[in-house]
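Engineer: Okay, predicted coordinates and the sequence, questions at the end:
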Amino acid sequence: MTDKKRGGGRVIIDDESKTKRQRKSKSNIKQQHPKSSTIIPHTDTPLPSLLPHQRIDLIATLCESILEDPIAAVASTRTTTTNNGNTHPTKDDANNDNNDDSNQQQLYTKTPSKLTTLLHLASPTTNGYDNHAARLSLISLLAVYQDILPSYRIRLPTATEMAVKVSKDIKQTWDYERRLLNGYQMYLTLLEKTWEGGRYGNSIHLTGGDSKNSNKRRGGGGTPTTLAATSIIALSTLLQTNYNFNFRSNILTMVISCASHTNDEIRYACCSSLKIMFDKDASGEASLEAVKRMGKVIKDGIKKNRSVSVYKELLDCWMCLPLRVHEDEAAAAKLATKIKNKRAKKSQQEKDMLEIERELQEGDATLDKIDVAKNQAEMLHTVTMTYFRILRDCCGGDGNDGNGKKNGMQYELLPVCLRGLAKFSHLIHLDAISDLMEVLKDLLKESHNLPLEASINCILCALKTLKGPGQDAIPTDPKEYLIPLYNEISRLGVYNYQSAAVDNNNSNNTASNSNSNMDPSIEAAIRCIDHAFTQRRELSASRLCAFLKRIVSTSMHCPPHSSAPLIASARQMALRYASSSKVQHMFENEEEIVSEGMFTSDASDPEHSNAHATSLWELSLLKFHVNPMVADHAVGMANNTFLKLPGESPLSIGDGMGRNVNEGYIAHRAIMKRHPLATKKLPVKDDEDEFGTSTNERKKKRQQRRNQNQVRFITPRKTGCWHLLEPTCVSML
């Protein structure tokens, strides 16, 4: 039933007396504005007055309501009240006070939006200092924004555009985008303040700035609070999924600054988010901005007399950059862009056509190849300049700080720097490659002072560069890099594998450029051997025999997960040069080898070691190794059997055995025995052999030989018959 007022009285109209059109219009209104099924409790009660479980229930209810209708969730509501404090007057009051309704003034109470309420719950200062509810609210807001944020950048309308009369739908869209951006900005500000307040492990004070300065005066070495760690992890997650949305620069600044934090979990979370963003970003705009900021941080960190610390995980993020454009191609792309811009300036028609092309590309979600090439060229320039700066500080500056002490940070970054140069060297200009080779030669002169991983990666970088663009332009004898490799192989196997396994597990396995579980020094050495002897033809048989002898000898003192890939690598070399007589003589007995001179194991030059005068006697010991993988490869190398590639490649073997070490798996041989209670199978008729014995009889005799008792005669030990003497006599002895 409904009621209407006519003059001073009221006329009651039943639903049956309505016309068909009135009933239909009423049903349409109900369908257009359905009531939300989610009831939000405790909205009138202040947040600090709620109980902990009520706050948690309110967080869950708000999230459900926001996801049901995001447009209504970002808008605030108004509640109509009268001057006497009554809201929504009842029917009885309306009947009794018909004349007073017109005299009462209506007041409006503004109710915050659901997103604003959830933001208040995420701040400890507004939710009653409940850190658990604040942490849940931060995580809930992260999930909500990941669902409702668009994948494009929102551009708010200008004042001129707002003055133009537009349709109601466009205005609603503008209002929704403006409110969404304001709420998202408030969330990012809250995350930043939460991190700044708890990064040193003290209590969070979001309103004051004295806690940060006091923590810095104390040294700033405390562990971050749980709420602060949650805030920085939320920022890292937003960077992975919403790197094309607004306020990207703010998120990048926070994440990159925390990528060199002393806490391992925070550092690995930030670095993994950067790797995932590099892998996903197809246009390269976000990656270019991140690379420039990272380059500035690293430049400030490697300066002398600076307290900024840079960890190798931050530099290792650049290994995930999908750089494919050469510098010459990038120069051509820049030239084409300049020509287009010049044409657009001269002719208005060209300018209009250029704008139309850009709009069509945005609508079709296609990428401009010229823009992608420009972004990749700028990234390559920044990356290579940072790598060269680290090499200059390690080589030219002797790795010393202002006080004359060794600066270990450059040497810690050096292996990652050389690994990156080895990956991107084929994209560098030839003029820069010649300078790079000179720097690598200077580093290898003091390879014994460098860390093992740095020296091996230095050789790998040189061999890759010579194989790629420097093969024809830079005539260099590979002997300059093979002699240091020969001397560094004997240092393999002494790497602390447990620390490497912990670092590998804590890092971002999802976005890492190399998910290998191998010892990084062993992996780099195997790649060097592959580039030096497998992918190119070695003409010196003496050098080849020396490397074979050194690799097999080094595998004797290496752990099994390092020994097996080294033997497999030597096995590949032996099969590659099986036609060499000197190589084949090494598999024979030393008494049968006819050669001049003796083997010199401590020679620095492999050609002067005279390795073909000895044999690979280590294989006869390695075939009895406790690890079956090592024993099988030793036997296979001695028998000159081929590897079953790609499953038995050295890198695959090292990766699999390294994973076994991480998971605590011990390889063993399975011995299958017949159960004594198993039923015997009926004999099957078979053809007899040339001696008249059937197959079943042969199996039966073989089984009898296995089951017969083995008698061993053991000589008894001479005890002096003490067990036959009296106890007193024994005590006297």
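Structural biologist: Ah, there it is.

Engineer: make it CA atoms for all contacts and neighbour counts henceforth
Structural biologist: OK.

Engineer: Let's verify Gln110: helix, strand, or coil?
Structural biologist: One thing to correct before we go on: residue 110 is Lys, not Gln. Under DSSP: H, G, I helix; E, B strand; the rest coil, the three-state class of Lys110 is strand.

Engineer: Isn't it up against Ala75?
Structural biologist: No: Lys110 lies out of contact with Ala75 (CA atoms under 8 Å); the separation is 10.7 Å.

Engineer: So for these two, which residue has more residues nearby?
Structural biologist: Using other CA atoms under 10 Å, the more surrounded residue of Lys110 and Ala75 is Ala75, with 17 against 11.

Engineer: With adjacent residues omitted, what lies nearest to the more buried one?
Structural biologist: Leaving aside its chain neighbours, Ala75 sits nearest to Ser113 (5.3 Å; criterion: CA to CA, 6 or more residues apart in numbering).

Engineer: Give me the phi and psi for that neighbour.
Structural biologist: phi -70, psi 170 (degrees, to the nearest 10).

Engineer: List the contacts of it.
Structural biologist: Applying CA atoms under 8 Å, 6 or more residues apart in numbering, one finds that Ser113 lies in contact with 73-77.

Engineer: so Leu239 makes contact with Leu252?
Structural biologist: Yes: using CA under 8 Å, Leu239 is in contact with Leu252, at 7.5 Å.

Engineer: Output the contacting helices and strands for the helix or strand containing Leu141.
Structural biologist: Here Leu141, judged by DSSP states H and E, is contained in helix 131-148. Applying 3 or more CA pairs under 8 Å, 6 or more residues apart in numbering; DSSP states H and E, one finds that helix 131-148 contacts helix 52-68, helix 114-122, helix 226-241.

Engineer: TSV for those, including mean pLDDT, mean neighbour count and distance to Asn660?
Structural biologist: TSV is the format used below for the helices and strands packed on helix 131-148 (pLDDT from 0 to 100; neighbours: other CA atoms under 10 Å; distance: least, CA to CA, whole Å):
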stretch	mean pLDDT	mean neighbour count	distance to Asn660
helix 52-68	91	17	42
helix 114-122	91	23	43
helix 226-241	93	22	30
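
Engineer: Mind putting these into JSON lines with distance to Val630?
Structural biologist: Formatted as JSON lines, these follow (distance: least, CA to CA, whole Å):
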{"stretch": "helix 52-68", "distance to Val630": "56"}
{"stretch": "helix 114-122", "distance to Val630": "57"}
{"stretch": "helix 226-241", "distance to Val630": "42"}
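
Engineer: List just the one of those that sits closest to Ala286.
Structural biologist: Smallest distance to Ala286 across those (CA to CA): 9.7 Å, for helix 226-241.

Engineer: give the contact list for the residue lying closest to Val630 once chain neighbours are set aside.
Structural biologist: Leaving aside its sequence neighbours, Val630 sits nearest to Ala564 (CA to CA, 6+ apart; 4.9 Å). Taking CA under 8 Å, 6+ apart, we find Ala564 in contact with 555, 629-630, 633, 650, 653-654.

Engineer: Ok, Phe245 next?
Structural biologist: Counting by CA under 8 Å, 6+ apart, Phe245 has contacts 149-154.

Engineer: Give me the secondary structure label for it.
Structural biologist: From three-state DSSP, the assignment for Phe245 is coil.

Engineer: now Ile526
Structural biologist: When classified by three-state DSSP, Ile526 comes out as helix.

Engineer: So, low pLDDT: which residues of the stretch 601-733 of the chain?
Structural biologist: Scanning the stretch 601-733 of the chain for pLDDT under 70 picks out 669-672, 675, 678-694, 705-733.

Engineer: how about the helices in the stretch 151-300 of the chain?
Structural biologist: Using DSSP state H, counting those that start in this stretch, the helices of the stretch 151-300 of the chain run over residues 159-163, 168-198, 210-218, 226-241, 248-258, 264-280, 285-301.

Engineer: Figure out which of those is closest to Asp602.
Structural biologist: Closest of the helices of the stretch 151-300 of the chain to Asp602 is helix 285-301, at 40.7 Å (criterion: CA to CA).

Engineer: The closest one versus helix 264-280: what angle between them?
Structural biologist: 140 degrees (axes from the mean of the first three to the mean of the last three CA atoms, to 10 degrees).

Engineer: tell me what helix 285-301 is packed against?
Structural biologist: For helix 285-301, the elements it packs on are helix 248-258, helix 369-395, judged by 3+ CA pairs under 8 Å, 6+ apart.

Engineer: Could I get the average pLDDT for the shortest one?
Structural biologist: Which is helix 248-258. Mean pLDDT, helix 248-258: 92.

Engineer: what angle do it and helix 168-198 make?
Structural biologist: Angle, helix 248-258 to helix 168-198, by the same axes, to 10 degrees: 20 degrees.

Engineer: repeat for the longest one
Structural biologist: Inter-element angle recorded for helix 369-395 and helix 168-198: 10 degrees (by the same axes, to 10 degrees).

Engineer: which other helices and strands contact helix 369-395?
Structural biologist: For helix 369-395, the packing partners by 3+ CA pairs under 8 Å, 6+ apart come out as helix 285-301, helix 327-346, helix 408-424, helix 430-444.

Engineer: now swap in the shortest one and tell me
Structural biologist: With contacts defined as 3+ CA pairs under 8 Å, 6+ apart, the secondary structure elements packing on helix 248-258 are helix 226-241, helix 264-280, helix 285-301.

Engineer: Dump the second one to PDB, restricted to CA.
Structural biologist: Read it as helix 264-280. Backbone C-alpha positions of helix 264-280 (Å, rounded to 0.1, in the frame of the first residue of the first chain) are rendered in PDB as follows:
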ATOM      1  CA  ASP A 264      66.900 -10.300   3.700                       C
ATOM      2  CA  GLU A 265      63.200 -10.800   3.300                       C
ATOM      3  CA  ILE A 266      62.500  -7.200   2.500                       C
ATOM      4  CA  ARG A 267      65.400  -7.000   0.100                       C
ATOM      5  CA  TYR A 268      64.400 -10.200  -1.700                       C
ATOM      6  CA  ALA A 269      60.800  -9.100  -1.900                       C
ATOM      7  CA  CYS A 270      61.700  -5.800  -3.500                       C
ATOM      8  CA  CYS A 271      64.200  -7.400  -6.000                       C
ATOM      9  CA  SER A 272      61.700 -10.100  -7.000                       C
ATOM     10  CA  SER A 273      59.100  -7.500  -7.800                       C
ATOM     11  CA  LEU A 274      61.500  -5.600 -10.000                       C
ATOM     12  CA  LYS A 275      62.400  -8.800 -11.800                       C
ATOM     13  CA  ILE A 276      58.800  -9.600 -12.400                       C
ATOM     14  CA  MET A 277      58.100  -6.100 -13.700                       C
ATOM     15  CA  PHE A 278      61.100  -6.300 -16.100                       C
ATOM     16  CA  ASP A 279      59.800  -9.600 -17.400                       C
ATOM     17  CA  LYS A 280      56.200  -8.300 -17.900                       C
END
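
Engineer: That helix: which residues count as buried?
Structural biologist: By neighbour count on 16 or more other CA atoms under 10 Å, the buried set for helix 264-280 is 266-280.

Engineer: tell me the contacts of the closest residue to Leu141 other than its chain neighbours?
Structural biologist: Of all residues not flanking Leu141 in the chain, Leu118 sits nearest, at 7.4 Å (CA to CA, 6+ apart). By CA under 8 Å, 6+ apart, Leu118 lies in contact with 59, 62, 137, 141.

Engineer: would you turn these into CSV with distance to Glu177?
Structural biologist: Output for the contacts of Leu118, formatted as CSV (distance: CA to CA, whole Å):
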residue, distance to Glu177
Ile59, 23
Leu62, 20
Ser137, 22
Leu141, 17
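
Engineer: from the contacts of Ser113, which is closest to Glu480?
Structural biologist: Nearest to Glu480 among the contacts of Ser113, with distances taken as CA to CA, is Val74, at 67.2 Å.

Engineer: returning to what we had before: which of the helices and strands packed on helix 369-395 has the lowest average pLDDT?
Structural biologist: Here the lowest mean pLDDT among those goes to helix 327-346, at a mean of 64.

Engineer: Okay then, goodbye and thanks.
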